[in-house]
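# Pasting the sequence and the predicted model now:
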Amino acid sequence: MHFSIGKTLTIINLSMMESTGPVVSPFAVETVGLTKRYPLTWKRKVLVALDQLDLQIRPGEVFGLLGPNGSGKSTTLKLLLGLIVPSDGEARVFGLPPDSLDARRRVGFLPENPYFYGFLNGDETLRFYGKLCGVTGPRLDRRIEELIELVGLQNGRERPLRSYSKGMLQRIGLAQALIHDPDLLFLDEPTAGVDPLGSAQIRDLILRLKKMGKTVVFSSHLLEQVQEVADRVAIFSLGKKVLEGSLESLLVENQSTQITLPAELGAEQQQRLREALGAAGIDGEIRFTRPHLSLEQLYLRTVQAQADPASTKPANK
Amino acid sequence: MISSLYRIVTIGRITLTEAVRQKVLSVLLIFSLVLVGSSVLVSQLATPGLDSAGLFDAQIKFVKDFGCGSIGLFGFAIALLSTAQLIPQELHNRTIYTILAKPVRRSEFLLGKFFGIVLLLALCVALMSLAFAATLYWQEMRGLQATEATYAQAPNWKANPLAVNAYNHDVQQIVQQVRDPQIIEAILLIFAKLIMTISIALLISTFATSSIFTIVTTFMIYLIGHMEGTARDFWLASGASSSIWQSSLVGFISLLIPDMNSFTIVDEILAGNKVPWAHALNLLGYADVYVIVLLAVSVVIFDYREI
């Protein structure tokens, strides 16, 4: 089971659909002072789910929303989809109000833990969502073929969704989000509850969507995965954005350099290297450590080697 | 406009498919078909001793009462149960998020759901009506056979013009009673009442947080709708003694809650009394207006609902 690589998706002609004319915006997503408050009438309190969020996401970026449960990530996504109304501030998607049909034509969404209609099979599910987006006839047939292949669900086409595993549900969820070939994808915890292999496949898919020029905004608890795919991240806490930036700017320790050597150094060699570095004017603490695989890399390497003995490399490394 | 209709139809179809595949509704429908079909047997138990020529009136009336009653009762159960869980189930399964994140208006979603359930109900009522028609046909056959058997007891009765006339009269009476076009009028009125029930349940489910709340509240409104006419007649009959407050209150309730009691005209039809089509069409028009108003209010409330 693997995703096909290098598949070009059909560009769907949206011009036949209703349109209010082009809106030019340099940002795929832009929010200014976006706030969501829920009045708790009985407790005479107000719950601030999201507080004064300013965000700008450029087209083609992969943007990660991080934070503990209840920190405002899902509220942000719901506001950006126009499913809830902001108490204050404004959100724009490609310069359009998020609840407008024109904005939604350019957006795909995968909710957290989706179930869909259990009585439909994979094909029927995609057909239903395609029709809602105005994709019909042979174009829809072609699109279903491409997406089924893209998300690797050939074995789930005829099976009702109620018999799907968690990973399969996430993948059909991704396929329905992509059915109308949107420019922007909102993925709420796309790897929640999925095993590491399925999770790695979803990560690969996000990377492939990035290569296709899609903008992807996703929330996740799996920090290592976010690190692997996101260009920029924002960390939320208690409804506020507390940190935002590119992974490069946030994670690199500018005050140190790491050298990887193709050999294990003995004590004597380490001492000689220290002396040489000292002679080059480098003072302070010099540490010698051996690089580690992450547990995920080890797991993927083992499982994939079992499934495909020809491949023993860690996944996507 | 066409793409909007297409989306409504797509959502309506999936709603119908989902409802059809629900076991509870299938069981209800099968049970109702069996009940409608068994009305002949029940009629014989309820009116023993009438199983002879020319004495089928009571049994046919019973079959009609029983059939229409079953259609109304099971239709009500199917309408209420399926409508009440429409939105809560979508929210629970999170399918509503994926649908409303697509280029779909909330009004289109709601109307699609409504028409899906109306279609389901139309299907159920059509099936129950078919079973009802088959039962009536069977009853007619039995009636005709029994009549012929009774006349056949007299030797050479066909040579007697008086006996033939009497026989023809009896046969005509049975056929007229069974093939009464007013039954179609009655079923249409029952269907209109069921669609009103769907509209009420849909309106409540746009702001309700659970199916139980929708079921209980719709049921209460349904009951009040039945009592409303009686209360209005009582208060208005008191004439000068009724205060302006009483009149206002009655007027307000009449606007807010549909007058379900008007539809008891179906009982008159089943009793054999002629109810003019103009009156039935008036009632159907009243139901139409009410359904449109309820749908409009539902759309406005659902538009503001945070999901």
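Yep, it's here.

# Sketch out the low-pLDDT regions of the stretch 151-300 of chain B for me.
B:235-242 (pLDDT under 70).

# For it, just list every one of the strands.
Using DSSP state E, counting those that start in this stretch, no strands are found in the stretch 151-300 of chain B.

# before we move on, what about the stretch 1-150 of chain B?
Read by DSSP E, counting those that start in this stretch, the stretch 1-150 of chain B holds no strands at all.

# Tell me which stretches of it form helices.
Applying DSSP state H, counting those that start in this stretch to the stretch 1-150 of chain B gives helices spanning B:2-20, B:23-37, B:39-46, B:57-84, B:86-93, B:95-100, B:106-152.

# Next: the stretch 151-300 of chain A.
A:166-178, A:196-211, A:223-229, A:247-251, A:267-279, A:295-307.

# same for the shortest one, what does it pack against?
This means helix A:247-251. Secondary-structure packing of helix A:247-251 (3 or more CB pairs under 8 Å, 6 or more residues apart in numbering or on different chains; DSSP states H and E): strand A:232-237. The C-beta positions use only the backbone N, C-alpha and C, and glycine is treated the same way.

# okay, the helices of the stretch 1-150 of chain B in TSV with distance to chain A and mean neighbour count next?
Output for the helices of the stretch 1-150 of chain B, formatted as TSV (distance: least, CB to the nearest CB, whole Å; neighbours: other CB atoms under 10 Å in any protein chain shown):
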stretch	distance to chain A	mean neighbour count
helix B:2-20	5	19
helix B:23-37	11	16
helix B:39-46	33	16
helix B:57-84	14	21
helix B:86-93	4	18
helix B:95-100	4	22
helix B:106-152	9	19
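
# Leaving aside the residues adjacent along the chain, what's closest to A:Cys118?
Quick fix: residue A:118 is Gly, not Cys. In space, A:Gly118 comes closest to A:Arg162 once its chain neighbours are excluded; the distance is 3.3 Å by CB to CB, 6 or more residues apart in numbering or on different chains.

# out of the helices of the stretch 151-300 of chain A, deepest packed?
Stretch with highest mean neighbour count among the helices of the stretch 151-300 of chain A: helix A:166-178 (a mean of 24; mean count of other CB atoms under 10 Å in any protein chain shown).

# ok, residues contacting it?
Helix A:166-178 has contacts (CB atoms under 8 Å, 6 or more residues apart in numbering or on different chains) with A:9, A:108-111, A:114-116, A:122, A:125-126, A:129, A:147-148, A:150-153, A:156, A:161, A:164, A:185-187, A:190-195, A:198, A:201-202, A:205, A:209, B:98.

# Where strands are concerned, which of those count?
A:Gly108, A:Phe109, A:Leu110, A:Leu185, A:Phe186, A:Leu187 (DSSP state E).

# give me every residue that touches residue 214.
Just so you know, I chose chain A. So A:Lys214 contacts A:Gly60, A:Pro182, A:Asp183, A:Leu184, A:Leu185 (CB under 8 Å, 6+ apart).

# my question was about chain B
Contacts of B:Thr214 were listed using CB under 8 Å, 6+ apart, and they are B:Thr83, B:Ala84, B:Pro88, B:Ala201, B:Ile204, B:Ser205, B:Ala208.

# Isn't the third one up against B:Phe213?
If I follow you right, that is B:Pro88. No - applying CB atoms under 8 Å, one finds B:Pro88 not in contact with B:Phe213, separated by 9.2 Å.

# Excluding chain neighbours, give the residue nearest to the residue nearest the centre of chain A in space.
For chain A, A:Phe218 is the residue whose C-alpha lies nearest the centre (CA atoms, centre = their mean; 3.8 Å). Excluding its sequence neighbours, the residue lying closest to A:Phe218 (CB to CB, 6+ apart) is A:Leu187, at 3.8 Å.

# Just give the number of residues close to the one you found.
Using other CB atoms under 10 Å in any protein chain shown, A:Leu187 is surrounded by 27 other residues.

# Now do the contacts for it.
Per CB under 8 Å, 6+ apart, neighbours of A:Leu187: A:Phe109, A:Leu110, A:Leu174, A:Ala177, A:Ile206, A:Val216, A:Val217, A:Phe218, A:Ser219.

# how about 10 Å then?
Applying CB atoms under 10 Å, 6 or more residues apart in numbering or on different chains, we find A:Leu187 in contact with A:64-65, A:77, A:108-112, A:170, A:173-174, A:177, A:202, A:205-206, A:209, A:216-220.

# how far away is it from A:Gln176?
Look at A:Leu187 and A:Gln176: by CB to CB, to the nearest Å, they are 12 Å apart.

# Equivalent analysis for B:Leu29, please.
31 Å.

# Residue ranges in the stretch 1-150 of chain B under the pLDDT threshold?
B:24, B:43-56.

# go again using 90 as the cut-off
B:1-3, B:18-67, B:70, B:89-94, B:127-128, B:130-132, B:134-150 (pLDDT under 90).

# which residues touch the most centrally placed residue in chain B?
Per CA atoms, centre = their mean, the C-alpha nearest to the average position across chain B is that of B:Ile190, at 2.9 Å. The neighbours of B:Ile190, taking CB under 10 Å, 6+ apart as the test, are B:Cys68, B:Gly69, B:Ile71, B:Gly72, B:Leu73, B:Gly75, B:Phe76, B:Val125, B:Met128, B:Ser129, B:Phe263, B:Val266.

# rewinding a little: list just the nearest of the ones in strands among the contacts of helix A:166-178 to B:Ile292.
Ranked by distance to B:Ile292 (CB to CB), these are led by A:Phe109 at 32.3 Å.

# what about that closest one, neighbour count?
A:Phe109 has 26 nearby residues by other CB under 10 Å.

# quick one, phi/psi of the residue nearest to it when sequence neighbours are not counted?
Closest residue to A:Phe109 apart from its sequence neighbours, by CB to CB, 6+ apart: B:Ala101 at 3.7 Å. Backbone torsions of B:Ala101, given as degrees, to the nearest 10, read phi -80, psi -10.

# B:Ala101 and A:Val107 touch, don't they?
Yes - using CB atoms under 10 Å, B:Ala101 is in contact with A:Val107, at 6.6 Å.

# Quick check: residues of the stretch 151-300 of chain A near chain B?
A:Pro160, A:Gly173, A:Gln176, A:Ala177, A:Ile179, A:His180, A:Pro182, A:Phe186, A:Asp188 (CB under 10 Å from any CB of the partner chain).

# out of these, who's nearest chain B?
Distance to chain B, by CB to the nearest CB, is smallest for A:Gln176 among those, at 6.2 Å.

# picking up where we left off before, pull the most distant pair out of the contacts of A:Lys214.
A:Gly60 and A:Pro182 (13.4 Å).

# quick one, which of these two is more surrounded?
A:Pro182 (23 against 15).

# How many residues are close by the residue nearest to the more buried one when sequence neighbours are not counted?
Once flanking residues are discounted, A:Pro182 sits nearest to A:Gly108: 3.9 Å by CB to CB, 6+ apart. By other CB under 10 Å, 28 other residues sit near A:Gly108.

# what does B:Ile204 give?
Applying other CB under 10 Å, we find 23 other residues in the vicinity of B:Ile204.

# What of A:Leu184?
21.

# right, and A:Arg208 touches A:Leu150 too?
Yes - between A:Arg208 and A:Leu150 there is a contact under CB under 10 Å: 8.1 Å.

# Let me see the ranges of the helices in the stretch 151-300 of chain B.
Counting by DSSP H, counting those that start in this stretch, the helices of the stretch 151-300 of chain B are B:161-178, B:182-205, B:211-237, B:244-256, B:265-270, B:277-304.
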